[in-house]
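Visitor: What follows is a predicted structure for the sequence shown.
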Amino acid sequence: MTISHPSFGDLPQDRVIIFDTTLRDGEQSPGFSMNLNEKLRMAEALADLGVDVLEAGFPIASQGDFEAVQAIATLFHNQPDRAPVVAGLARSAPADILRAAEAVRPAHRKRIHTFISTSPLHMKHKLRMEPHAVLEAVTASVALARNHTDDVEWSAEDGSRSEIDFLCRCVEAAIAAGATTINIPDTVGYALPEDMARIFATLRARVPGAERVIFSAHNHNDLGLAVANTLASLGAGVRQIECTINGIGERAGNAALEEVAMALRTRANALPYHTHIKTENILRTSRLLATITGFDVQPNKAIVGRNAFAHESGIHQDGMLKHAQTYEIMTPESVGWAKTSLVLGKHSGRAAFRERLRALGYADIDDAQLNDAFRRFKDLADRKKTVFDEDITALVDDEIGRDHDRVKFIALDILAGSRRRARASIELDVDGVCRTATADGDGPVDATFNALRQAFSHTAELQLFSVGAVTEGTDAQARCTVRLEENGKLVDGQGADTDTIVAAARAYIHALNKLLVKRVRTEPASLSA
Ligand code: KIV
Ligand code: ZN
């Protein structure tokens, strides 16, 4: 049996649509905001990963969100075969829907995703609307969206805590008005797997027209059940899964794409569904997101954590040596972990470097970026015995998307030690003009940040400074994250270098450049999606 969908044509029964909302539900959570350039890089990576629908943002939320959705809708214009469906989120108000329609217009395949709350709690306290008015809004919003695209998704916010009879009436209204996907979110992460399965089974059995639409699951992870709820929903007939890379999203996050995709692949015997995810690209996409946002996943995170395929205990190592499947249910290579990450040295040339970048997934790096990255690689290879893939990734991610930075790092000198107050002298390029400053501080990092504030005066305040190691060993590169706050706006910057203080300076400058890209976020009321 097949189901026909305006964007995907006839879909076989076992096909599961992967709807990625990293750039919407993920991006709207604290500390995860991305600028336009970063969103475009993530969109490219998500297309390479094979997601079917890419929710690019919430266009009415701000001019920046609108422009990002529009830019992503335009991004794949000359590559229709690679382009995912680009979705824009909208509440039920006409202004939201028209804004979303305008933003996704350039896409080959576009979707308007409109939602309204259907639970008694949300209707009474958040919307202050009577159920009959909500029902009318469902019909009106979907009908308006359908005037702009054939592919319309309707979501029942707080669906899992809604009264099932009312939910059935709302879903019926949405289908009658032309919705092609019906999404039931567990907005607050309250449901158990059996709750979600029961809700979908009831809707599919009771709502007229249910056989014509695709049902979709959107689960939050407040009780750590997002992936379990998602898989249980598949058993009840759901054929679209909403998820994010690394499970980022509101509060405890959303179902992690990599976990759902690998559960489907690894347990195909029990979960007879298929997706178009190229699982070998998972790690690269996860790392790109971590680099862009400055949030690494925890070491024991399933699939993409540093320890996910590491075997420490003697018994496990012994078993692994005898037969890998004794302790490994999937291969590291199947999600993109390389067999060995030891790669280049100081004698390696540009061609080998470019080749390695290709293998690491940086196929379309331009010549200027390649030159800058190669110069930094040579510099690194002079200082570091072995250069690992992770070093190269950190270094290239440091370069990409920084061409338009107004403030650039040139040099840093530090005097520090246990007998003296630290002193830093920094040299910056600001809009093409060289600026220098020297300052003292409580330790070399403090002195460096003071010098930076002198060389480029600004009011932003430091909120967070963290240091991690890219690889192991005392010559490992440090990867620093700096969070700055200015007028309520938070930005995170990253920097990597074998010298921790230089990495800190680079991270601070990265954050500063993000602040300079004005992205005024005018949060309308109830953007609680
Ligand atoms: O969690 C939620 O309810 C949402 C909807 C807008 C889909 O994010
Ligand atoms: Zn959500």
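Guide: Ah, there it is. Ligands and ions are numbered 1, 2, ... in the order given.
Visitor: what's near enough to touch residue 248?
Guide: Shown in contact with residue 248 (C-beta atoms under 8 Å, 6 or more residues apart in numbering): 22, 26, 29, 32, 254, 289, 293, 295. For glycine as for every other residue, the C-beta is placed from the backbone atoms N, C-alpha and C.
Visitor: Among those, which lie within strands?
Guide: In strands, judged by DSSP state E, none of the contacts of residue 248 are found.
Visitor: Could you provide those in CSV, with additional columns for pLDDT and distance to ligand 1?
Guide: What follows is the contacts of residue 248, written out as CSV (pLDDT from 0 to 100; distance: C-beta to the nearest ligand atom, whole Å):
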residue, pLDDT, distance to ligand 1
22, 98, 12
26, 97, 10
29, 86, 11
32, 88, 14
254, 98, 8
289, 92, 18
293, 85, 19
295, 83, 20
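Visitor: can you list these in TSV and add neighbour count?
Guide: Shown next, in TSV, are those (neighbours: other C-beta atoms under 10 Å):
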residue	neighbour count
22	30
26	27
29	18
32	23
254	32
289	27
293	23
295	18
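Visitor: Now do the SS call for the residue lying farthest from the centre of the chain.
Guide: Of all residues in the chain, residue 419 has its C-alpha farthest from the mean position, at 45.1 Å, by C-alpha atoms, centre = their mean. Three-state assignment for residue 419 (DSSP: H, G, I helix; E, B strand; the rest coil): coil.
Visitor: Could you do residue 495 as well?
Guide: strand.
Visitor: For it, give me its contacts.
Guide: Residue 495 is in contact with 398, 479-480, 482, 502-510, counting by C-beta under 8 Å, 6+ apart.
Visitor: Dihedrals phi and psi, the residue farthest from the centre of the chain?
Guide: Dihedral pair for residue 419: phi -100, psi 0, per degrees, to the nearest 10.
Visitor: So which bits of this protein are right by ligand 1?
Guide: The chain has residues 25, 115, 155, 157, 183, 185, 187, 218, 220, 529 near ligand 1, with proximity defined as C-beta under 6 Å from any ligand atom.
Visitor: Show me those residues that map onto strands.
Guide: If you go by DSSP E, the residues of the chain next to ligand 1 have 115, 155, 157, 183, 185, 218 in strands.
Visitor: So which of those residues wins on neighbours?
Guide: residue 218 (30 neighbours; other C-beta atoms under 10 Å).
Visitor: mind listing what that residue touches?
Guide: Residue 218 neighbours (C-beta under 8 Å, 6+ apart): 21, 155, 183-187, 242, 254.
Visitor: now, among these, which is nearest to residue 277?
Guide: Of all the contacts of residue 218, residue 277 sits closest to residue 242, with 13.9 Å by C-beta to C-beta.
Visitor: My read is that that closest one contacts residue 255, right?
Guide: Yes. Applying C-beta atoms under 8 Å, one finds residue 242 in contact with residue 255, separated by 7.2 Å.
Visitor: Now for the two: what residues contact both?
Guide: 217, 219.
Visitor: So for the two, which residue has more residues nearby?
Guide: residue 242 (30 against 27).
Visitor: Hmm, residue 290 is touching residue 305, no?
Guide: No. Contact between residue 290 and residue 305 fails when scored by C-beta under 8 Å: they sit 10.8 Å apart.
Visitor: any idea how this protein splits into domains?
Guide: 14-293, 309-338, 340-401, 407-519 (automatic domain parsing).
Visitor: can you list those domains in TSV and add distance to residue 299?
Guide: Converted to TSV, those look like this (distance: least, C-beta to C-beta, whole Å):
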stretch	distance to residue 299
domain 14-293	12
domain 309-338	9
domain 340-401	14
domain 407-519	11
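Visitor: Ok, which of the ones you listed comes nearest residue 3?
Guide: Using C-beta to C-beta, these put domain 14-293 closest to residue 3, at 6.5 Å.
Visitor: Could you tell me the end-to-end distance of that closest one?
Guide: From its first residue to its last, domain 14-293 covers 34 Å (C-alpha to C-alpha, to the nearest Å).
Visitor: now swap in stretch 71-84 and tell me
Guide: Per C-alpha to C-alpha, stretch 71-84 runs 14 Å from first to last residue.
Visitor: All the helices of the stretch 351-500 of the chain, residue numbers only.
Guide: 367-383, 389-399, 444-455, 500-516 (DSSP state H, counting those that start in this stretch).
Visitor: Least confident of those, on average?
Guide: Looking over the helices of the stretch 351-500 of the chain, mean pLDDT reaches its minimum on helix 389-399, with a mean of 77.
Visitor: you'd agree residue 3 is in a strand?
Guide: Yes. Under three-state DSSP, residue 3 falls within a strand.
Visitor: Now the stretch 201-350 of the chain against ligand 1: closest residue?
Guide: Nearest residue of the stretch 201-350 of the chain to ligand 1: residue 218, at 4.9 Å (C-beta to the nearest ligand atom).
Visitor: for the chain, what helix or strand is lowest in average pLDDT?
Guide: Lowest on mean pLDDT, DSSP states H and E among the helices and strands of the chain sits strand 342-344, with a mean of 61.
Visitor: For the stretch 51-200 of the chain, which segments count as strands?
Guide: 53-57, 85-90, 110-117, 152-157, 181-186 (DSSP state E, counting those that start in this stretch).
Visitor: Output those strands as JSON lines; include the columns mean pLDDT.
Guide: Listed next are these as JSON lines, based on pLDDT from 0 to 100:
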{"stretch": "strand 53-57", "mean pLDDT": "98"}
{"stretch": "strand 85-90", "mean pLDDT": "98"}
{"stretch": "strand 110-117", "mean pLDDT": "98"}
{"stretch": "strand 152-157", "mean pLDDT": "98"}
{"stretch": "strand 181-186", "mean pLDDT": "98"}
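Visitor: closest one to residue 374 among the ones you listed?
Guide: strand 53-57 (31.5 Å).
Visitor: Pull the distance from that closest one to the chain's centre.
Guide: Strand 53-57 sits 10 Å away from the centroid of its parent chain (C-alpha atoms, centre = their mean, to the nearest Å).
Visitor: which other residues reach that strand?
Guide: Strand 53-57 has contacts (C-beta under 8 Å, 6+ apart) with 7, 17-21, 23-25, 27, 39, 43, 46-47, 65-66, 68-69, 72-73, 84-89, 103-104, 111, 113, 240, 242.
Visitor: repeat that with 6 Å
Guide: 19-21, 23-24, 46, 65, 68-69, 72, 84-87 (C-beta atoms under 6 Å, 6 or more residues apart in numbering).
Visitor: can you redo these as TSV with neighbour count?
Guide: Below are those laid out as TSV (neighbours: other C-beta under 10 Å):
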residue	neighbour count
19	28
20	31
21	29
23	29
24	26
46	25
65	27
68	29
69	33
72	31
84	27
85	24
86	27
87	34
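Visitor: Take those residues and keep only those in helices.
Guide: Applying DSSP state H to these, the entries found in helices are 46, 65, 68-69, 72.
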